[in-house]
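Novice: coordinates for the following, if possible.
(2 chains)
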Amino acid sequence: MSLERITLSPEVQEVLREVAQRHGSALLRVERKDLLRTVTRNEALVHATSSGLSVAERHLVQVHREEVAHALRAAAYHRLVLGPEPPAFVVDGSIASIRQQVPRAADVRMLASEAVRSLPLAAVHPEESSLLDLCASPDSDLWPTAGRLAAAAHRLVPTDATRIYASLDLRREGRLHSAMLSLQTVLTSRGSTHHRVVAWTNLGDILFRLGRPRDAWLAANHACAEDHGWILAQANRSIAALVLGDASLIDRSVREFDRILSSRPDLANELKAMYAERGALLVSAEKVALRRAIRSMRSAAFHAATEVLYVLAVD
Amino acid sequence: MAEPLPSPEPGTPRPAEPPWRGVLDVGSPREVLARLIAGDPLELGRRCQERTHSQALLLDSRRLYLRASAHVARHAPKYAGTPEIDIWLAEHIRKALKEIVAEDAERARARDLLDVPEDPWILGIAGLLGVEPALAARGCAAFNHASYEVRSAFFGVVLGAKPLANWARENGASADRARAHLKRAFWLLGARDDLDLDDLMEGLADEP
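Specialist: Reported below is the predicted structural model:
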């Protein structure tokens, strides 16, 4: 086995020092040591084997819990996107071309049935079992709400996905401040980029609903910064800028939105279809503001974007 | 009466038994699990290591190995040779990896007290960056949720000792972008304290 050391080159050390100097960083707070490549993962595996079956069995229980939580999450997601309640204003899967695959009712039934069959009863609360039983029933209209399903999944295995689903359900019920709190938990932690983008996007939407278009713009701007190509955030940022009537924000936001849509006519069409339903959610004053701002834009330059956004502004 | 089937020619070698026979197809999940961790007959350890490295993830291989073994044991009664064992095992390792990365992030988020990692690999990373070992676990959880480009830059430039410019060229990124990826990786591994939402809304986040 080689005794080669992993050392940091001067250019890497420079970057490390630069980041370490930033407020809140914990880098370079203890003496730095080079890393020996002999520290291979084989040593860790020997340790794993010697740690015994009881440790491994704890993982076996966790696997069961994850299976149950997975079935509940799938049911919650299905309810949010395809359930009988009107879909949320901005949901993770609002647009077909960027949505996570939405499980069909039959898929959810199968997942729920399998989870029920495999349940080690001692590991799961009875409520989760009864929710799974409901999801295994043929009539999907009888399934519990997305909020209940998400909460049950979250009790078993807390995730950002369940926080976001719960938030969307709260938003659907009009409990906007509670919905914001769930998203805040996602944002003040260091979760995955995808979940942060979705959380920023949905937070922007709620802030817009609360009559705070400037904060809505900021939230959408954060989402765009995290994932430039996330079209829902680009759309929301443009809408907020137009309602605000701020010329510089409009130029900055709509220009980028237009650039993406110009290269993706499929997305433009999907957004238009979605906004044809969503337009009814805007109040009259917002529609007037949108129409005015769109007319004052250099619409010839931002043709793709204005065509999509105008759908929202129509009475 | 049916014709008797021809028996194999004397001396024809019998096809080898697939390696999972006798490991996965006998006994309860607990018994399968015991066999899997007793001698790693299906080389789950090696497979877990390879997966971790190809995904540029910093995590305790011990936990991944145990979790993947648990997944395999749990589903062993359903396995009858299809899909091929390599593909079937890879899928369970993928699931285990996803769960562990999510669990670590969740624990860090909930401000759970993180154990000092026992994996010498993670301890080595902590030493390399001058981070307290207990904080390294939190940092690794955040790192593992970063984009693949960020993780890959750290693996290539820091662990692979590639000059930044070379890594950038090989990955189709500008030198500035590569540097930004590396800064992001260091930032996440540095276990920064959480920000409150007002700071974020004001755009005061000073992440690189």
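Novice: for chain B, which segments are assigned as helices?
Specialist: Taking DSSP state H as the criterion, chain B carries its helices at B:29-39, B:44-54, B:61-75, B:85-109, B:120-129, B:133-143, B:148-153, B:164-170, B:175-189, B:197-201.
Novice: and the fifth one, how far from the chain's centre?
Specialist: Looking back up the chat, that one is helix B:120-129. 17 Å (Cα atoms, centre = their mean, to the nearest Å).
Novice: contacts for it?
Specialist: A:6, A:8, A:16, A:27-28, A:32-36, A:39-41, A:43-44, B:58-61, B:117, B:132-133, B:135-137, B:139-140, B:158, B:186, B:189-190 (Cβ atoms under 8 Å, 6 or more residues apart in numbering or on different chains). Backbone N, C-alpha and C define where each C-beta goes, glycine included.
Novice: the fourth one too?
Specialist: Contacts with helix B:85-109, where a contact means Cβ under 8 Å, 6+ apart, come from A:62, A:66, A:157-160, A:185, A:189-192, B:18-20, B:42, B:44, B:47-48, B:51-52, B:55, B:57, B:59, B:63-64, B:67-68, B:70-72, B:75, B:79, B:114, B:137-138, B:140-142, B:144-145.
Novice: tell me the centre residue of chain B?
Specialist: residue B:52 (3.6 Å; Cα atoms, centre = their mean).
Novice: ok, now which ones touch it?
Specialist: Here residue B:52 is in contact with A:41, B:59, B:61, B:64, B:97 (Cβ under 8 Å, 6+ apart).
Novice: that older thread, just the buried ones out of the contacts of helix B:120-129, please.
Specialist: Burial by neighbour count, 16 or more other Cβ atoms under 10 Å in any protein chain shown: within the contacts of helix B:120-129 this picks out A:6, A:8, A:16, A:27-28, A:32, A:35-36, A:39, A:41, A:44, B:58-61, B:117, B:133, B:135-137, B:139-140, B:158, B:186, B:189-190.
Novice: that older thread, pipe the helices of chain B into TSV and attach mean pLDDT per row.
Specialist: TSV is the format used below for the helices of chain B (pLDDT from 0 to 100):
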stretch	mean pLDDT
helix B:29-39	88
helix B:44-54	91
helix B:61-75	90
helix B:85-109	89
helix B:120-129	88
helix B:133-143	83
helix B:148-153	94
helix B:164-170	95
helix B:175-189	93
helix B:197-201	53
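Novice: for the stretch 101-250 of chain A, give me the ranges with low pLDDT.
Specialist: For the stretch 101-250 of chain A, residues meeting the criterion pLDDT under 70 lie at A:119-126, A:189-190.
Novice: show me where it has its helices.
Specialist: A:105-118, A:126-135, A:146-156, A:160-172, A:176-187, A:193-209, A:213-226, A:231-244, A:247-263 (DSSP state H, counting those that start in this stretch).
Novice: residue B:166: which of those helices is closest?
Specialist: Nearest to residue B:166 among the helices of the stretch 101-250 of chain A is helix A:193-209 (25.5 Å), distances taken as Cβ to Cβ.
Novice: show the pLDDT at residue A:313.
Specialist: What the model reports for residue A:313 is a pLDDT of 78.
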